[in-house]
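[1] structure, please.
(chains A and B)
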Number of protein chains: 2
Amino acid sequence: MSPRFARRLDGIEISMIRQIMSRAAGCVNLGLGEPEFADPPRVRKQARRVLQGGRIGYSPNAGIPELCRRVHEYHGGRGGHSVCVTNGSQEALFDAVFALAGPGDEVLVPNPGYVTYPTAVRLAGATPVPYPLRSRDGFRLDSEALKALVSPRTRALILNTPSNPTGRSLTLEQLQGAARLAEENDLVLVSDEIYRETHYGTPPPSVLDATDAAVVICGFSKAAAMTGWRLGWACGPRAIIDKVTVLHQNTSICASTLTQRAALALFTPEGRDEIERLRQRMVRNRLLTCRWLGRRMGQAFVPPDGAFYVMVSIEETGLDSLSASLEMLQDKVATIPGAAFGSEGEGYLRLSFACRPESLRKGLRRFETGINRLVQNRK
Amino acid sequence: MSPRFARRLDGIEISMIRQIMSRAAGCVNLGLGEPEFADPPRVRKQARRVLQGGRIGYSPNAGIPELCRRVHEYHGGRGGHSVCVTNGSQEALFDAVFALAGPGDEVLVPNPGYVTYPTAVRLAGATPVPYPLRSRDGFRLDSEALKALVSPRTRALILNTPSNPTGRSLTLEQLQGAARLAEENDLVLVSDEIYRETHYGTPPPSVLDATDAAVVICGFSKAAAMTGWRLGWACGPRAIIDKVTVLHQNTSICASTLTQRAALALFTPEGRDEIERLRQRMVRNRLLTCRWLGRRMGQAFVPPDGAFYVMVSIEETGLDSLSASLEMLQDKVATIPGAAFGSEGEGYLRLSFACRPESLRKGLRRFETGINRLVQNRK
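    Next up, the predicted model:
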């Protein structure tokens, strides 16, 4: 048998990030996409309670009604909005893209941006159109460039705030600009706000602060360190969420009922406190990282507003980001090449500071050694 | 905003089954697609152990290596085969269909058959081509009719054994015939064997008993009454499973790590005993149901080889299956119209006997009353 595959898979392989991570054995991992912290004790307690109770059967497709209500409130409780709970925010994103775009359509995706955005668009048979977050301008959204990329084929604009990999948040003005652009061109805003609770100043505005006509993709994987529990959702106008739910029914029936019931514990004052404690740990890690990079190494980087990544310039090594990242595996530290996120990421490495402080210190020391070695090599 | 949606969603709505279930409040539910039994104590014990341990982070995309190994062994441990663990078998099916078929392609699906088969094919942009399981022949596969439906555009053949909704298993000869057909026409066999552990005689043969060149879709949702835990998988030739894993990475990153770790408890002698105990309960429910239908009501039905469904003829009511199913909601019993599964299901109602025995008896009494009422109405 020589199986033929659907053309949607042409050129799509396991992501460059996973490929580098697979070579990272023995390295301090500054490439992580998840907090290396324990999840909230309240969630575990609630999960144990569920395990002492009755049957853990299918939930309604869109999720347990109480959880849907809580999530709806969490995003402002807007009239006409509904919620579909998914197997992590990844599934919510995939279902939304598949509901909105197909062959012949275009979807605007950030460059640099999370690799699944262009991949999901391609898998849907549509064309991803990257819009620039200019590295020379601290990865700020170039609103004029974005506007110029809208065409009659554009069906959706994917936003990501705070951003993976840049750590930058969009301002309310930028979100309002995106909302106007969407309204004028009859396209749907899909805003991935999975890092919204991980911020280092005032909470970043949501797209829903600028317009009701947008779909928010979110979850507790990052804020509550619950990546392996698989809980995410899409929240937005009912007409769209109904279509997302149809996709969700067919891709996975429902999210884990055990996880859904356990996650209810996060929507309590105590649950909120535990999320805030996790955020405070991330605040300390960010401070440690930025100090190390700035004062000790004098390295150029973009201070993150949110998420747990920092883009560090490798200009002085003279290497492209993939070569630099591969070289640093010799120094036993794993980082992600900026180019993995798009052309505007070239010249940078993405460092994650979501690991335990002791690993972080060790990783930063190795990173310092590695950068110095590469700069020396160049001379 | 008047959102436009991808054409793949045209004509695809929440399934007829869910629609009827949403009107079934106050009814005894003989429409269930899940066992109304408790899941195995060993799984819960193992889950509690996981909750006492460290972080529950992402698993590798394809699943925890130990679980992948166990699943591979479970399906015969064939050389060249690998496994991708998914968010229920539904996701495995969706990912496999999306990997194999796209616009311009055809996929053969059983009629009557599980509604997600044609829907997933349509969502992939391909055309579902129903092949008949003849109701007049006890829903036996019509191998000649199947053969005649293969075209140069056919990319895959979906098998389902034991079948939802018919309860019939495919024989080894039928599977061997399908394997020859697949080889001669360079198409991929995708065999949904989610009900393989729920059988009422000798265990049904797997497609892998007929050929190594097939993908099996399976999981423990039905056998271990774990529908809400969301654990399924695809197992088959590595080249195909690699593509399924790419889809899986993009649709959901990984299945619940908590569920994956808990499910390891099923791959032990004690876990196997608990699955066998659940099967014995289903054996008793099947006996109760078949006796009631046959001796007491004299109703025509097809005795199931496996799964927990029985197709009951409603010919004597003179009604089509949707009308009969809706009428019976007045008798406070919910059943699924055979037509929901395709044209060959017309003239039948699907009864599920996966509920608790006390509900089952009550439901069968109401079903008897309902049928008698409808037959009287006709006169």
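
[2] C-alpha from now on. contacts and neighbour counts both.
    Noted.

[3] for chain A, which spans come out with low pLDDT?
    Along chain A, the model assigns pLDDT under 70 to residues A:1-2, A:11-15.

[4] could you redo the last one with a cut-off of 90?
    A:1-25, A:32-34, A:295-299, A:378-379 (pLDDT under 90).

[5] show me where it has its helices.
    Along chain A, the segments classed as helices by DSSP state H run A:16-21, A:41-52, A:65-74, A:88-100, A:116-123, A:143-148, A:172-185, A:238-252, A:257-263, A:269-291, A:321-328, A:357-378.

[6] which positions in stretch A:288-301 come out as buried?
    A:Leu288, A:Thr289, A:Cys290, A:Trp292, A:Leu293, A:Met297, A:Gln299, A:Phe301 (16 or more other CA atoms under 10 Å in any protein chain shown).

[7] possible to save those as TSV with distance to B:Asp192?
    Shown next, in TSV, are those (distance: CA to CA, whole Å):
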residue	distance to B:Asp192
A:Leu288	52
A:Thr289	50
A:Cys290	52
A:Trp292	54
A:Leu293	53
A:Met297	57
A:Gln299	55
A:Phe301	51
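
[8] contact partners for the one residue in the stretch 201-350 of chain A that gets nearest to chain B?
    Residue nearest to chain B within the stretch 201-350 of chain A: A:Gly228 (4.1 Å; CA to the nearest CA). Neighbouring residues of A:Gly228 by CA atoms under 8 Å, 6 or more residues apart in numbering or on different chains: A:Ser221, B:Ile56, B:Gly57, B:Tyr58, B:Ser59, B:Cys254, B:Ala255, B:Ser256, B:Thr257, B:Leu258.

[9] I'd like to know which residues of the stretch 151-300 of chain A are adjacent to chain B.
    Counting by CA under 8 Å from any CA of the partner chain, the stretch 151-300 of chain A comes close to chain B at A:155, A:183, A:186-188, A:213, A:225-230, A:239-240, A:243, A:246, A:249-258.

[10] make a PyMOL selection of the buried ones in those residues.
    Buried members of these, defined by 16+ other CA under 10 Å, are picked up in PyMOL with:
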select buried, chain A and resi 155+183+186+187+188+213+225+226+227+228+229+230+240+243+246+249+250+251+252+253+254+255+256+257+258
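
[11] re the thing from before, and the helices of chain A, which is most packed in?
    helix A:88-100 (a mean of 28; mean count of other CA atoms under 10 Å in any protein chain shown).

[12] which secondary structure elements does that helix contact?
    Judged by 3 or more CA pairs under 8 Å, 6 or more residues apart in numbering or on different chains; DSSP states H and E, the packing partners of helix A:88-100 are strand A:81-86, helix A:116-123, strand A:214-219, strand A:232-237, helix A:238-252, helix B:238-252.

[13] turn those into TSV, columns for distance to A:Gly104.
    Below are the helices and strands packed on helix A:88-100 laid out as TSV (distance: least, CA to CA, whole Å):
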stretch	distance to A:Gly104
strand A:81-86	27
helix A:116-123	11
strand A:214-219	22
strand A:232-237	24
helix A:238-252	19
helix B:238-252	21
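
[14] so which of those is nearest B:Ala99?
    helix B:238-252 (6.0 Å; CA to CA).

[15] any part of that closest one near chain A?
    Yes: with CA under 8 Å from any CA as the measure, helix B:238-252 is seen reaching chain A through B:Ala239, B:Ile240, B:Lys243, B:Val246, B:Gln249, B:Asn250, B:Thr251, B:Ser252.

[16] tell me the angle of that helix relative to strand B:81-86?
    10 degrees (axes from the mean of the first three to the mean of the last three CA atoms, to 10 degrees).

[17] what comes into contact with helix B:238-252?
    Against helix B:238-252 from outside (CA under 8 Å, 6+ apart): A:3, A:9, A:12-14, A:87-91, A:94-95, A:116, A:119-120, B:61-62, B:80-84, B:86-87, B:91-92, B:95-96, B:98-99, B:215, B:234-235, B:254.

[18] just the contacts of A:Gly228 now: which is nearest A:Gly201?
    Closest approach between those and A:Gly201, by CA to CA: A:Ser221, at 20.7 Å.

[19] with distance to B:Asp105 added, can I get the helices of chain A in JSON lines?
    Listed next are these as JSON lines, based on distance: least, CA to CA, whole Å:
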{"stretch": "helix A:16-21", "distance to B:Asp105": "30"}
{"stretch": "helix A:41-52", "distance to B:Asp105": "44"}
{"stretch": "helix A:65-74", "distance to B:Asp105": "37"}
{"stretch": "helix A:88-100", "distance to B:Asp105": "19"}
{"stretch": "helix A:116-123", "distance to B:Asp105": "16"}
{"stretch": "helix A:143-148", "distance to B:Asp105": "36"}
{"stretch": "helix A:172-185", "distance to B:Asp105": "33"}
{"stretch": "helix A:238-252", "distance to B:Asp105": "19"}
{"stretch": "helix A:257-263", "distance to B:Asp105": "35"}
{"stretch": "helix A:269-291", "distance to B:Asp105": "48"}
{"stretch": "helix A:321-328", "distance to B:Asp105": "38"}
{"stretch": "helix A:357-378", "distance to B:Asp105": "50"}
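
[20] what pairs with the closest residue to A:Gly63 other than its chain neighbours across the strands?
    Excluding the flanking residues, the one nearest A:Gly63 by CA to CA, 6 or more residues apart in numbering or on different chains is A:Val85, at 5.1 Å. For A:Val85, the beta-bridge partners are A:Trp233 (DSSP bridges).

[21] kindly provide the distance from A:Val85 to A:Arg69.
    Taking CA to CA, to the nearest Å as the measure, A:Val85 falls 11 Å from A:Arg69.

[22] span of stretch A:141-159 from start to end?
    First-to-last residue span, stretch A:141-159, CA to CA: 10 Å.

[23] gap between A:Arg350 and A:Ile158?
    Relative to A:Ile158, and taking CA to CA, A:Arg350 is found at 21 Å.

[24] so these two - more neighbours on which side?
    Taking other CA atoms under 10 Å in any protein chain shown, A:Arg350 and A:Ile158 do not tie; A:Arg350 has more neighbours (30 against 23).

[25] using PDB, write out every CA atom in stretch A:286-294.
    In PDB, the C-alpha atoms belonging to stretch A:286-294 read as follows (Å, rounded to 0.1, in the frame of the first residue of the first chain):
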ATOM      1  CA  ARG A 286      10.100  37.800  34.100                       C
ATOM      2  CA  LEU A 287      12.100  40.200  36.300                       C
ATOM      3  CA  LEU A 288      14.900  37.700  36.700                       C
ATOM      4  CA  THR A 289      15.000  37.200  33.000                       C
ATOM      5  CA  CYS A 290      14.900  40.800  31.900                       C
ATOM      6  CA  ARG A 291      17.600  41.800  34.500                       C
ATOM      7  CA  TRP A 292      19.900  39.000  33.400                       C
ATOM      8  CA  LEU A 293      19.500  39.900  29.700                       C
ATOM      9  CA  GLY A 294      19.700  43.600  30.200                       C
END
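
[26] now for A:Ala104: which residues touch it?
    That one is not Ala; residue A:104 is Gly. Contact analysis of A:Gly104 by CA under 8 Å, 6+ apart lists A:Gly125, A:Ala126, A:Thr127, A:Arg153.

[27] equivalent analysis for A:Asn285, please.
    Going by CA under 8 Å, 6+ apart, A:Asn285 touches A:Phe353, A:Ala354, A:Pro357, A:Leu360.

[28] noted, bye for now.
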